[in-house]
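J.: give me the fold of what follows.
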Amino acid sequence: MQKNTNAFLKAERLVNTILKNIPNISKPKRKFFLHISLLWLGIKGRYNFLNLSRQGTHDEKTYRNQFEKKFPWLAYNASFIEKVGSGNHVAAFDPSFIPKSGKLTPHKSYFWSGKDQKALKGLEIGCLALIDVDYHSAFHLEALQTPTQVELKEKGKTMVGHYTDYILQCAPTLKKYVKYLTVDSYFAKKECNYSANFGKNGFLSKASLIAFNTDKSFFTAVLI
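T.: This next block holds a predicted model:
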């Protein structure tokens, strides 16, 4: 029991320290995030709002309302990695398929499943991470849910354009920690015009695509 208590106290101190270094987080939001971080570590059973209300200190509606609010995950996780990582990192981005049934889930559509090698009905998230070269581990930074093709078409965007815009939004934070971004060969498609999409922002250019491995399964781009 003493070991468990000490672990929770260390986690509480670490989360508190990181939150204090992130600007524009209100005191109530900071307090709730600290609460949910510790509750998440010790919860028993399913991770849903009903179970959170049973084992936490708030009612179900409060948890739902708080989870609907935006939180600076990129800044928070980057600060966390800065404290626990080796400092020798490269960034990685990869869309991931999530199976999902039901008819009312937002952004549900057909997305490519690498495991099944075909498009399946479900959800997709774009996962951004920092790979710690020395620790041989990947630290999660942020996940962004992918809109459907119909939603993107209404905005005049393609799927690649959606991914590109997201990386550009994250670029100022990424460049504080890494010089390289790795993605798979899907992003080497001709329709992804790196000169137009990245070069003007001082982030990537065609010259930045510096290396393909032998089976062309990924490329590395330089953050400039």
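J.: switch to C-alpha atoms for all contacts and neighbour counts from now on
T.: Fine.
J.: I figured Lys179 hits Gly87, correct?
T.: No. With contact defined as CA atoms under 8 Å, Lys179 does not reach Gly87; the gap is 11.8 Å.
J.: comparing the two, which residue is more hemmed in?
T.: Using other CA atoms under 10 Å as the criterion, Lys179 and Gly87 rank with Gly87 on top: 17 against 14.
J.: ok so the more buried one is a helix residue?
T.: No. According to DSSP: H, G, I helix; E, B strand; the rest coil, Gly87 belongs to no helix; its state is coil.
J.: that one reaches Asp132, doesn't it?
T.: Yes. Under the criterion of CA under 8 Å, Gly87 makes contact with Asp132 at 7.3 Å.
J.: tell me, how many residues neighbour Lys157?
T.: Other residues near Lys157 number 14, with proximity taken as other CA under 10 Å.
J.: where do the helices sit along the chain?
T.: Taking DSSP state H as the criterion, the chain carries its helices at 2-20, 27-42, 49-55, 60-68, 73-84, 149-154, 159-174, 194-197.
J.: any idea how far Ala75 lies from Tyr177?
T.: 12 Å (CA to CA, to the nearest Å).
J.: then Ala91?
T.: On the measure of CA to CA, Ala91 and Tyr177 end up 9 Å apart.
J.: pick out whichever of those two has more residues nearby.
T.: A side-by-side neighbour count of Ala91 and Tyr177, using other CA under 10 Å, places Ala91 first with 25 against 17.
J.: tell me the contacts of the more buried one?
T.: 128-131, 174, 178, 180-182 (CA atoms under 8 Å, 6 or more residues apart in numbering).
J.: most neighbours out of these, which is it?
T.: Ranked by the number of neighbours (other CA under 10 Å), the contacts of Ala91 place Leu130 first, at 27 neighbours.
J.: surely it and Thr173 touch.
T.: No. Using CA under 8 Å, Leu130 makes no contact with Thr173, being 11.5 Å away.
J.: so which of the helices of the chain gets nearest Ser96?
T.: Of all the helices of the chain, helix 159-174 sits nearest to Ser96, with 12.3 Å by CA to CA.
J.: and the closest one, which residues are buried?
T.: 161, 163-164, 167-168, 171, 174 (16 or more other CA atoms under 10 Å).
J.: relative to Asp59, how far out is Ala92?
T.: In terms of CA to CA, Ala92 sits 37 Å off from Asp59.
J.: tell me which of these two has more neighbours.
T.: Neighbours were counted for Ala92 and for Asp59 using other CA under 10 Å; Ala92 has more, 20 against 15.
J.: if I look at that one, how far off is Cys170?
T.: 12 Å.
J.: Lys153 now?
T.: In this view, Lys153 and Cys170 are 23 Å apart by CA to CA.
J.: now Gly122
T.: Using CA to CA, Gly122 is found at 25 Å from Cys170.
J.: neighbours of Asp184, just the number please.
T.: Neighbours of Asp184 (other CA under 10 Å): 16.
J.: does it touch Asp94 like I think?
T.: Yes. The criterion here is CA under 8 Å, and Asp184 meets it with Asp94 at 7.2 Å.
J.: which one of the helices of the chain lies closest to Ser109?
T.: helix 149-154 (8.0 Å).
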